[in-house]
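> Need a 3D model of the following:
(3 chains)
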Amino acid sequence: MNVVRRLLTAMVVVFLVAPLVVVAVVSINRNRYMDFPPEGFSLHWYAQLWNDVGWRDAITTSLLVAATSAALAVAIATPMAYVLCAYHIRLAPLLYSLGILPFMLPPVISALGALVFWNSVGHSGRVENIIVSHAIFFSTLPLITVSLAMEAMDPSLPEAAQTLGASPRTTFRTITLPLLVPSMISGYAAAFVLSLNEYIIAFMVSRFSVVTLPIKIVNDLRYGFTPTIAAVAVVFIAIATTTFALFARFGNLLRFLGADPAILERQR
Amino acid sequence: MSELRRPSRGTWAVLAFPVGMLAVFFLVPFGIMLATSFYHRIEGGFYTPAFELDSWRRLLHGVFIERTLFSIGICLLAGAVCITLAFPFTYFLTRMRRRPHVTLLVLIMSALALSEVIVGFAWSVLLGRAAGISNILVWLGLMDEPAAYQPSFLAVLIGLCYIAFPYCVLTLYPQLTRLDPELTEAAQTMGASPWKTFWTVVVPIGRPIIVAGFLLAFVFTLGSYLIPAFLGRPEHWTLSVFISDQATFNANVPFAAAMALFLTVLSLGVVGLVTWIEGRTRG
Amino acid sequence: MDVRARGSLRLEGLVKRFGDVEAVAGVTLDLPAGKLISFLGPSGCGKTTTLRMIAGLERPTEGRIYLDGEDITDRPPHLRDIGMVFQTLALFPHLTVAGNIGYGLRIRGVPKTEIDRRVNELLALVSLQGLGDRRISQLSGGQRQRVATARALALEPRLFLLDEPLSALDANLREQLQVELRLLQQKLGITTIMVTHDQREAMTMSDLVVVMNQGRIEQVGEPLEVYRRPETAFVASFIGRTNLLRGEAADGVVRVAGRPFDVVGPVVAGPVTISVRPEDAHLHTTQTPERNALPGRVVFVRDLGELFECYVDCGMDEPVVVAGSPRERVHVEQGQPVGVSFPREACVVVEG
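Now for the predicted structure:
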């Protein structure tokens, strides 16, 4: 059993890490063309990311889209999660499903929906379209994190505030909201990272006129590999890993992923 | 129900923004998409309002049926491979000490967050002729000259497994952490080996979540666009690729809309099945 | 106004239904100002729901609530002038000790220096001087309880409500804090309503005990009076332990298992239930008296050192329990035939 466990774990780690290692190795290759083993070491392709106007624009566009769409996603999800958990509403399961649905369905469906929507509104190919579509698609993530925080919160806390003279509004501002902030941040981080990486919705909504980083990568790949693409990939991997490592360090990653709280005690 | 939980007029006002956003930017587009599927397509990229069943009729044609069956087949296969590996892996993971546990979770989450663009690119490098597995084998003297393993069916399958595996782990994770360790300990005190315990206690208890995880992985891979597009030839394209190809390069939006609605029904059906399974095991 | 005159409460026909379930089924009660009143009963008896209606956290389905003669039934909790300690304590985890205690003052816009002064006063009141800057997570269970108490008293409310305030603590600390809380309440003279399922706690702390069962009041009275003169079989067995002897009354004479019993209180013809506390019963190893006694056989002996108990099968549904201090210990063995006598003053006729 022990052998099987080690073997399986090792296999999974190799499977998950191998392509990333290859990409990392390619990214520091001095040669213009990809080859293996690499010949010489160079960070030239990383500098290219910032020096080349095309890449720089794609990066700034992607960061803008990710930052604003994640904020909008949190703004959509937080009041929804709060009301659905704090109040007794008959429609709650239905509304919650509505919030989960976009993310559950294949993204191409949201992508096509957004495409026909912006076409019929006569406002297509704008960066704000991507922002809104991403916000809707990824609002599921903060919806889940904030809902979990609401469920974990002692219902006596707002009641205690009220017996101390706080109106419902004051209670929300001074008690509930401050306690939800960590879950809003983790929801934001998750939406941010996924938006940064999202291709198909951005591609179909942009109608070739807005170029995000994933779109730029795909476009360039049509003309063949370059180590610059590998460099981008490495940056992406670094961002994602750092985000989740920080999450694990400062937030409660295990709880966020739905672990039984008891497990946290067991493993101390 | 507590007095504080009774919704007031203010409560509905607070709900108005999120529900409004979801309605305008998700439900309305859905409605438009439904309408568009009945529109008349004009050769060259446009469509005009009409009511015709042409696009829906095309769903009965050979190409579409072939794509559908292929998509379902390869995604079922990917889901099966993933769940077979992910279930024991996740079970071991939940029983690890804290440090490797968190480290592996960070790895899993990072892999899940990776853009399909990057996954597709990385595997095309790894399976390619220029800087991939074959080059390592040549370098080690195990092969004479490098070979390309993509585009191919196997490459698509590996790519789909790569994106679905972390997803599978995360769907299994909450339930498996709740599996009482005393259950397996009890089985072992009764003389069952760890293997026997795994097969006679853990797997039977986990059966509903295995089925649920498998189906969710299936829906997830069904949504993949870039993996089949990158690592496969056109005959390896799944519905997602086919739909976006129709909508963008072929400019046949009504047909794409009809296919997207079909895909919605298919996905919702599977998700509904999962919910039913979960509801049944809980009740 | 004199502080002792504030905080008299009147509950009038309170009913609370949750769907088909009637949690509180008509409670009418006058609670005097300045006293500590305990609502005592098993879980689900409606005591917490009643307290929450007084706090305004639940709206009564029927009935009115008057505070100092004023109808407050429809007033939301934040306008009721109450302080409450919750079962979970409900301390705000994102605020410090001082932040928690001063919360009510801060949201009222009291100047900072005034808040600091008052918080220090309250910290001293609950013996937590110098801990104002601590985070809640750094406190022990007993300290948390004190912070919750100080926070509830910060606004000098008319009513002090306690919902199982000590249930999170272990037994020793619990007994200690029961005394502390009671002394604090007496010092402040604040009308206090406490919900508890622990009869020892209720007996230790209260001026008045309200025993509830299935949404109704079973008995109201001073703790010892309720213990000595239970009105119903439920009260008798919930407050302390008791022996219930089922018998029959005819022609003014009560008979249990055919033997005559003299009892306290009036007797009506028909089935009669008599409650006798274990410590009031006596063991006889030689001869069983004619009146107020039953013959039996020893089933089990529990000798705890500080307490001696003997279980005797007298042909009732349950064994009769005889308890006494070690000094009165009688040497008996399992299976030995004995007699148990029940003095007249200890035989209380109860309902049910």
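
> Same question for the longest helix belonging to chain A: list its buried residues.
Looking across chain A with DSSP state H, the single longest helix is helix A:53-86. For helix A:53-86, burial by neighbour count (16 or more other CB atoms under 10 Å in any protein chain shown) applies to A:55, A:58-59, A:61-62, A:65-66, A:68-86. C-beta coordinates here come from the backbone N, C-alpha and C atoms, glycine included.

> and residue B:127, what does it touch?
B:133, B:148, B:149, B:150, B:155, B:158, B:231 (CB atoms under 8 Å, 6 or more residues apart in numbering or on different chains).

> What is the neighbour count of the fourth one?
This means residue B:150. By the measure other CB atoms under 10 Å in any protein chain shown, the count of residues near residue B:150 is 23.

> With adjacent residues omitted, what lies nearest to it?
residue B:127 (4.2 Å; CB to CB, 6 or more residues apart in numbering or on different chains).

> now do residue B:38
Among residues not flanking residue B:38 along the chain, residue B:51 sits closest, at 5.1 Å (CB to CB, 6+ apart).

> So that neighbour: helix, strand or coil?
coil (DSSP: H, G, I helix; E, B strand; the rest coil).

> pLDDT of stretch A:240-256, averaged?
Across stretch A:240-256, pLDDT averages out at 75.

> Next, the buried residues of it.
Those would be A:240-241, A:243-245, A:247-248, A:251-256, for stretch A:240-256 by 16+ other CB under 10 Å.

> what's the model's confidence in whichever strand or helix holds residue B:80, averaged?
Under the criterion of DSSP states H and E, residue B:80 resides in helix B:62-94. Helix B:62-94 comes out with an average pLDDT of 90.

> got any ranges where the chain has weak pLDDT?
Using chain A here. By pLDDT under 70, the low-scoring segments of chain A are A:1, A:30-40, A:250-252, A:260-268.

> To clarify, I was referring to chain B.
B:1-4, B:44-45, B:130-131, B:281-283.

> repeat that with 90
Where chain B drops to pLDDT under 90, the residues are B:1-15, B:36-68, B:92-103, B:105-152, B:167-168, B:170-220, B:223-226, B:229-239, B:241-255, B:266-283.

> residue ranges of the strands in it, please?
B:40-42, B:46-48 (DSSP state E).

> domain assignment for the chain?
With no chain named, the answer covers chain A. Following automatic domain parsing, one gets these domains for chain A: A:1-42, A:53-256.

> wait, I meant chain C there
Split by automatic domain parsing, chain C gives C:3-228, C:241-350.

> Ranking these by mean neighbour count, which comes first?
Mean neighbour count (mean count of other CB atoms under 10 Å in any protein chain shown) peaks for domain C:3-228 among these, with a mean of 19.

> Please compute how far that domain lies from its chain's middle.
Chain-centre distance of domain C:3-228: 13 Å, with CA atoms, centre = their mean, to the nearest Å.

> ok, back up a step: redo the contacts of residue B:127 as a markdown table? Include distance to residue B:171.
Shown next, in a markdown table, are these (distance: CB to CB, whole Å):
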| residue | distance to residue B:171 |
| --- | --- |
| B:133 | 30 |
| B:148 | 34 |
| B:149 | 29 |
| B:150 | 28 |
| B:155 | 25 |
| B:158 | 20 |
| B:231 | 24 |
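
> From those residues, pick the one nearest residue B:142.
residue B:133 (10.4 Å; CB to CB).

> and the closest one, what does it touch?
B:126, B:127, B:149.

> Just tell me which of the domains of chain C ends up closest to chain A.
domain C:3-228 (3.6 Å; CB to the nearest CB).

> SS state for the nearest residue to residue C:71 once chain neighbours are set aside?
Leaving aside its chain neighbours, residue C:71 sits nearest to residue C:64 (5.7 Å; criterion: CB to CB, 6+ apart). Under three-state DSSP, residue C:64 falls in the strand class.

> Tell me the pLDDT of residue C:64.
So residue C:64 comes in at 95 (pLDDT).
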